[in-house]
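A.B. asks: Need a 3D model of the sequence below.
(chains A and B)
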Amino acid sequence: MVIMKAMGMESDQEVVQMIGRDPRYGALLLPSIQECAEENVYTQQQALEYLETKVKRFSLSCGPLEKEGRALSIIRNVFLANVLVHDLHFRPKCIYVAVILRRMMEAVLNKDAIDDKHFVKELITHGLERAISTGNWDVKRFKMHKKGMTQVVIRLSFIGTVGHMTRISPQFEKSRKVSGPRALQPSQWGMLCPCDTPEGESCGLVKNLALLTHVTTDDEEGPLISLCHSLGVEDLELLSGEELHASNSFLVMFNGLILGKHRKPQHFATALRKLRRAGIIGEFVSVFVNEKQKCIYIACDGGRVCRPLVIADNGISRVKEHHMKELEVGIRTFNDFLRDGLIEYLDVNEQNNALVCQYPFICGVKYKLVPEVYHNVHISPCGFKNMHFGQSSLLLVAQKHLCVCVNILLLFFLMMWHICYTKKICTFSLFTLTQLWFRQKFVEGTKVHIFETTGSKVHIMIALYEGEAVPETTHIEIEPFTILGVCAGLIPFPHHNQSPRNTYQCAMGKQAMGNIAYNQLCRMDSLLYLLVYPQRPLLTTRTIELIGYDKLGAGQNATVAVMSYSGYDIEDAIVMNKSSLDRGFGRCIVTKKLTVVNQKYADGTMDRIIRPQRVGRDAERMQILDDDGLAAPGEIIRPYDIYINKQSPINKEFSVNSPAGLPDSAYKAATQTYKGPQGETAVVDRVALSSDKDTNLCIKFLIRHTRRPELGDKFSSRHGQKGVCGTIIQQEDFPFSERGICPDLIMNPHGFPSRMTIGKMIELLGGKAGVSCGRFHYGSAFGEPSGHADRVEVISETLVKHGFSYSGKDFIYSGITGSPLQAYIFMGPIYYQKLKHMVLDKMHARASGPRVMLTRQPTEGRSRDGGLRLGEMERDCLLAYGASMLLYERLMVSSDPFEVQVCRVCGLLGYYNHKLKASFCSTCKNGDNISTLKLPYACKLLFQVNCDRVVTVTVHIFAFYLLCSITRVIGG
Amino acid sequence: MDGVVSYQRFPKIKIREVKDEYLKFELRETDASVANALRRVMISEVPTIAIDLVEIEVNSSVLNDEFIAHRLGLIPLTSDRAMSMRFSRDCDACDGDGQCEYCSVEFQLSVRCDQDQTLDVTSQDLISLDPSVVPVDVAARSTSSGFDATENRGIIIVKLRRGQELRLRAIARKGIGKDHAKWSPAATVTFMYEPDIHINEDMMESLSLEDKRNWVESSPTKVFDIDPSTHQVVVVDPEAYTYDEEVIKKAEAMGKPGLVEIYAKDTDFIFTVESTGAIKSSQLVLNAIQVLKQKLDAVRLTEDTEEADEQFGELGAHMRGG
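C.D. replies: Residues are numbered from 1 along each chain as shown, chains lettered A, B, ... in the order given. Okay, here's the model as predicted:
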C-alpha cells in the first residue's frame, strides 16, 4: 500500500478500486491500509520518506546518494523493472502492481488459482533482461551469482557438445532442497526433454531442450502494439480502476506488461493467429487466452521456448501427402511449411490453447473413429473445475484388446501427464493402471475414452483443451519422439526402459569416447579422448540420423552374450575377449596438451630455448629434442623426458641494457619434464607455436597415447548400464556357437531384472536381425506406430528367416571344455560406449613419498603422489580390534614423530637450545622442569596454532614423568 | 599296466569340403576334449607370420603411427614358412632382436601421393624382401585363385591426399594367436555335435498333412521336409539343426510329445574351419595336429625325467602318483 502511494496513487479508494471491489479482497487489504494510517503515510511524499528509512537499513554501503531520489529510484529502476517508466509516470506500474496484488489475493482465497510454475526458463531471460535494462545490476546486493552467463563449450565428445548447446541452467541456488522447481512440469511437454537432467544437486534444475524446441528471438514491439490497438485493444490509460476488472472484457498483456483491454478475446486471438500464419507478423509471436484470469497474453520477446506443430483444421492435418512428396524431392523446406501456414511455432502459453494430437494417421490411412464402440467412461466431471490449464482431458484411443508392454507404458506415461494437468495426487500404480486398462473402469476424476479404430494401431492423443471430439483438434504433433532431447534421442527403444535408466544414459552419453568433430585431428584441446575405430550403431533412431551421430559415433557394436562367466562378471563387470581387443575393439587415443610460455620479464630479459646437450648428464633425457630445443613430433616420450630445453634469467629484477647480450651464466635451466604414467609409451603428436595475450611465445605440445582396454576400464551400453572390464579372456576360452560366432564381451544377466532395461534386449534382437538381413534397424522413441521403430514381432520373424531362434537365444558351446552350455544364451550385437574413466588415469599407490611442509603429513591426492588416508572410522576399527600399538606405530612412529620439550610447571612447549645443550621453557624463563616428549608433528602444530588463536593448550605429564623417573632410578 | 582299461581310441577324419580358406570335415569316434583341443590349438597356437615391428620414417597421413602399425599388424601374411621359422625370442642368430632371416621378414613401404584424387595405400604397396612371405591378397592375385583378381584391390592401410607421404620399414615375425590375434591363422573354427534325429513314424503318420507342414515349418532352419510324392516327413539336413528344440516344443504343443527325438552324438563332430589365408585351411588342421602332438610330447617327455620336478614341482610328483 505504501508502495502504491509512493508511486503517486494517494487515494485508498483508487487503490481498492484498482484491485477490485470484492469485499473479500478488501478484507485482505485492510491491514495494509491500517498500517499506512498508523505510520502516517498519506501522500506520495510521506510514502517516499517512509520508504527512505526502510531503504537505509539494508543498504548502508550504497554511498551518498541523493536522499530523496533513492526510494524513488529504487521503485523506478529495480522494483518491477520490466515495466518501463517514462518521466516518473507511474500509472502503468500502479496498474501492474494492482493486477499482481489481485492475483495474489485470488491465490490466497482460492488455492487452485495459483499459476503453474512453468516459466522457469522465461524468468531467467527476464532476469537477464532486467539486468541489462536497469543497468545497475549489482551482483552482490541481490546475492545473485552471475555464474553461467557464458560457458565454455564442452568438447570432450560430440554428444557432450551438442548436449551442452541445448542446456538450460537456472540462476538460483542449487542447494535449496525444494522439489517444486525440480519437478517435471506439464508445460514442459515437448519443450524440454523429460529424461535429460543430471543426477545429484542440480537434478531437475538443469534441463535440456527437446529436439524441435526453438528459442525465440526478439520481434519489434512497436508495430505489434499498434496492430493490437487497431484490432480493438482499448488503451490502459483510458481505463479507470473500475473498468480494469470489468468481467465482460479481457486484459491484454503484452510481453508481461498491461497493454489494455479487449472485449472479444477469442476474436482478437484468432485474428492475430491468422496474421501470424500468413506471415504478416513474426512466427514467434504468441497469443494465449487465459479464460480463468480473463487475460490475453501476447509475447514477441526473445528467450521463450517454443516448438513447431502441424496445424490442423477440424482435426484434419494441413500437411498433405503432396507436401511431403515435395519435401522429399527437395522443392519444399521446413521454412516453406512455416511460410505456407502448415506448421507454426507455439510457445508454452499458446500450447495451452491448442488441442494437440499425437498421430494423425494410421500407416497412411486417415483414422476414422467408430462411435459405436465409444466407451465414454466419465465418472465425475469435477476434476476439471479448478484447472488452470483450460479444460483438459486425456483421450486414449486404442485398439480394444491390444495390451502389449509398450502400450501400457505409454498409457502410464500419458496418465502421469494427465495427473499433472489435473493436479490430482496420483496414487495408482502401473499395476492398477493395467487393471484399469483391462476392466475399462476408471478412477474418479479422470476422464478416459477408449475407442476402437479402423486400423490395428494404437492411438494416443493428448487433448489440452475442452473438447471431446477429435474434429476440435487444432494441432498435430510432428513426431512423438521429438519430446526427447538430443542425448535421450540416442537411446534405442527408450520407451521400453525404466525411466531413470534413460536419465543415466543421458549423463553417460556425454562421457563416451568417439569422434569429437571432423576436425578432431587438427584440434589442440587440452584433453581429448578419441576412439580408434568408432562405428555407427546398428540400431539407430531418427534422432541419431538428424543430429549426425551416425557419422560421428561414440561406440562400437559389440557382440554381447548375456551369461555368467568366470565370476569376474559380478556387479556389472564385463568379461572381454582378448582377440577382439587385439583387433581394435575399445582402442582409444588420448591426447593431452602441454603448454610452455617463453616468458618476457619486466626488465626486458626473457626466457630462451637453446640447443639440447648431446653429451653429458642430461643428454639421455634430451633425446627427443630437436636442435631447436623442442621435442620433435613423432618421438616417443617417456616419463622424466625433457620436452623443452628452456632457460630463464636468474635475475629478472634490475634492468639490463642489452637483454640479448646476457651471458650464459646469467641463465638457469628451466626445462620441462614430462610426467606421465610409468611404462606407457606416449608420443609427441604435434608442436604448435603461438603467442599468448601478453605476446609471449607460447609453445604447445600435443602428447598422444593410444590405449587398449584394460582391466577396470569403464564401458556402457546405451541404456544406463555401465560396468567395468572385470577380466580379459583368450578367444579360445570364450564360448562359441556352431556358426562360429564368438562374443566380444560377456555381460552378466543379473544386470537385467532390477534395471528393467527392456530396450537393451530389443536393441540386441534388432541388432542381430540387422546384421543378418543387412538393414539398419530403428528404435526411435514411441516409434512403433509411425514406423520409426521396428517391432519385436517383425524382428523375430527376420531372425527366424535367417536361421536364428526368434528369441535371440543361441545354442552355445563352452570354449574351455567344448561341451554345450546348459542354457540357450541371449546373444547379439549391442552398441557399447567406452567411457572416459580409465584405470590408467586413476590407479595410484604409494609407500613413502612427499609430505606437506606445514603438517609433515603425507600429501593428498593422486596428482601429488599422495598417501591413502587412514581416517577416523578406520582408526576406530583398529582400536576396537585392540591393535592400538599398530595405530601408534602407523600414525606416530612411522608417520611424523617429533620431539618436544614440555615444561612440567606451566605445561607449555619449550625448546632445546643446541648451543647450550639444554632445554628451556620460555614462559617460566628457566630450564629446570623440562621433559622431552614424542608427539606427532601434527599434534604439536595443533598446540601451537591454538596458542596462536589465544587458546592455551597445556600438557600435564605427571604419570609419564613419574614413569620416566622410575625407569631412570631403576636404570641407575 | 595291468588291470587298466585302455581308453585309446582311433578317431577318424572324413573331409567333406576343401577350399584354400575353407574346410569342413567330420571328426568321429573321439570325444569333446579332443575336438576342443584341436579347435583351441587352431585358434591360438598354430604359428603364423605377422608384422610386429614398424619403423616409421615419414608419416604425413591422417592416421597416426600406432594406428598404422596396428593396421599393418593385422594384415595376414602367407605363413607357410612359419612352422620352420624360429621365434625371435629364442633365435640365436640375432640375439632375439628379430632382424635375421631365420626369424623375421622385412617389409618396406614407400608411398607418396602426387595426384589430386585420394590414393589408397594397400597391402600391395608392402614390398617384402622374402617372396614367400607376402600379404595374402597379393599371393592370391599372383596365383589368381581364390579371389577374383579384378575385385581384389588389396587391404587398405591408409588413404593419402595430395602431398602426403608414408614411408616405413616393417619387420614381420613368427608368433602365435595366444600372444596377439594377428598371429591367429583361423578366422572361424567351430564344431558341432552331429545330431541324431529319430522321427516316430507311426506318430507322424497320425498327423494330417497340414499339421505336418506346420510342424516342419516350426524349425527355424530347414531340417525336415515333406516328400511331395509320399507326403512323408523326411530329414533333409540333420546338420542344419541348431539344437533349438523348436520342433520338440512344437510337437508338445500339438499334443504329440515324442514325435521326434533328437540327441547329440557325443563322439562325432563336424568341424568348420575358415582360414585368414595365412595358411591353407587344410594345412591349418595339419599344423594344429602337429602342434598338439608337440605339446603332448612335451608332457610325456617330462613325465619320466628329473625335469618334471623342476617344471611342475609338487604338481609333477602328484601327477606321477607320488
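A.B. asks: which parts of chain A sit against chain B?
C.D. replies: Residues of chain A lying close to chain B (Cβ under 8 Å from any Cβ of the partner chain) are A:521, A:532, A:578-580, A:582-584, A:587, A:589, A:634, A:683, A:685, A:704, A:706, A:730-732, A:736-740, A:799-800, A:803-806, A:810-811, A:813, A:815-820, A:824. C-beta: built from backbone N, CA, C; applies to glycine.
A.B. asks: Strands along the stretch 451-600 of chain A, start to end?
C.D. replies: A:459-463, A:475-476, A:527-531, A:539-540, A:556-562, A:574-577, A:588-598 (DSSP state E, counting those that start in this stretch).
A.B. asks: Let's have these in JSON lines, adding distance to A:Met747, mean neighbour count and mean pLDDT.
C.D. replies: What follows is the strands of the stretch 451-600 of chain A, written out as JSON lines (distance: least, Cβ to Cβ, whole Å; neighbours: other Cβ atoms under 10 Å in any protein chain shown; pLDDT from 0 to 100):
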{"stretch": "strand A:459-463", "distance to A:Met747": "33", "mean neighbour count": "22", "mean pLDDT": "34"}
{"stretch": "strand A:475-476", "distance to A:Met747": "41", "mean neighbour count": "24", "mean pLDDT": "77"}
{"stretch": "strand A:527-531", "distance to A:Met747": "20", "mean neighbour count": "20", "mean pLDDT": "91"}
{"stretch": "strand A:539-540", "distance to A:Met747": "16", "mean neighbour count": "26", "mean pLDDT": "93"}
{"stretch": "strand A:556-562", "distance to A:Met747": "5", "mean neighbour count": "24", "mean pLDDT": "95"}
{"stretch": "strand A:574-577", "distance to A:Met747": "5", "mean neighbour count": "26", "mean pLDDT": "94"}
{"stretch": "strand A:588-598", "distance to A:Met747": "20", "mean neighbour count": "19", "mean pLDDT": "91"}
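A.B. asks: Let me know the helix or strand that A:Val902 is in.
C.D. replies: Assigned by DSSP states H and E, A:Val902 belongs to strand A:897-903.
A.B. asks: can I get the CA coordinates of that strand in PDB?
C.D. replies: Once non-C-alpha atoms are left out, strand A:897-903 reads as follows in PDB (Å, rounded to 0.1, in the frame of the first residue of the first chain):
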ATOM      1  CA  PRO A 897      57.200 -38.200  15.100                       C
ATOM      2  CA  PHE A 898      58.500 -35.000  16.700                       C
ATOM      3  CA  GLU A 899      60.400 -34.500  19.900                       C
ATOM      4  CA  VAL A 900      59.100 -31.600  22.000                       C
ATOM      5  CA  GLN A 901      60.200 -30.000  25.300                       C
ATOM      6  CA  VAL A 902      57.400 -29.600  27.700                       C
ATOM      7  CA  CYS A 903      57.500 -27.600  30.900                       C
END
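A.B. asks: What's the separation between A:Gly489 and chain B?
C.D. replies: A:Gly489 sits 30 Å away from chain B, taking Cβ to the nearest Cβ, to the nearest Å as the criterion.
A.B. asks: Measure how buried that residue is and give me the count.
C.D. replies: Neighbours of A:Gly489 under the rule other Cβ atoms under 10 Å in any protein chain shown: 30.
A.B. asks: Contacts only, for it.
C.D. replies: With contact taken as Cβ atoms under 8 Å, 6 or more residues apart in numbering or on different chains, A:Gly489 is in contact with A:211, A:481, A:541-544, A:546-547, A:780-781.
A.B. asks: and the residues you listed, which two are the farthest apart?
C.D. replies: Pairwise distances across those peak at 14.0 Å for A:Ile547 and A:Ala781 (criterion: Cβ to Cβ).
A.B. asks: These two - which one has more neighbours?
C.D. replies: Set A:Ile547 next to A:Ala781 and count neighbours by other Cβ under 10 Å: A:Ala781 wins out with 29 against 19.
A.B. asks: how many neighbours does the closest residue to the more buried one other than its chain neighbours have?
C.D. replies: The spatially closest residue to A:Ala781, leaving aside those adjacent along the chain, is A:Phe481, at 4.1 Å (Cβ to Cβ, 6 or more residues apart in numbering or on different chains). Look at A:Phe481: counted by other Cβ under 10 Å, it has 26 neighbours.
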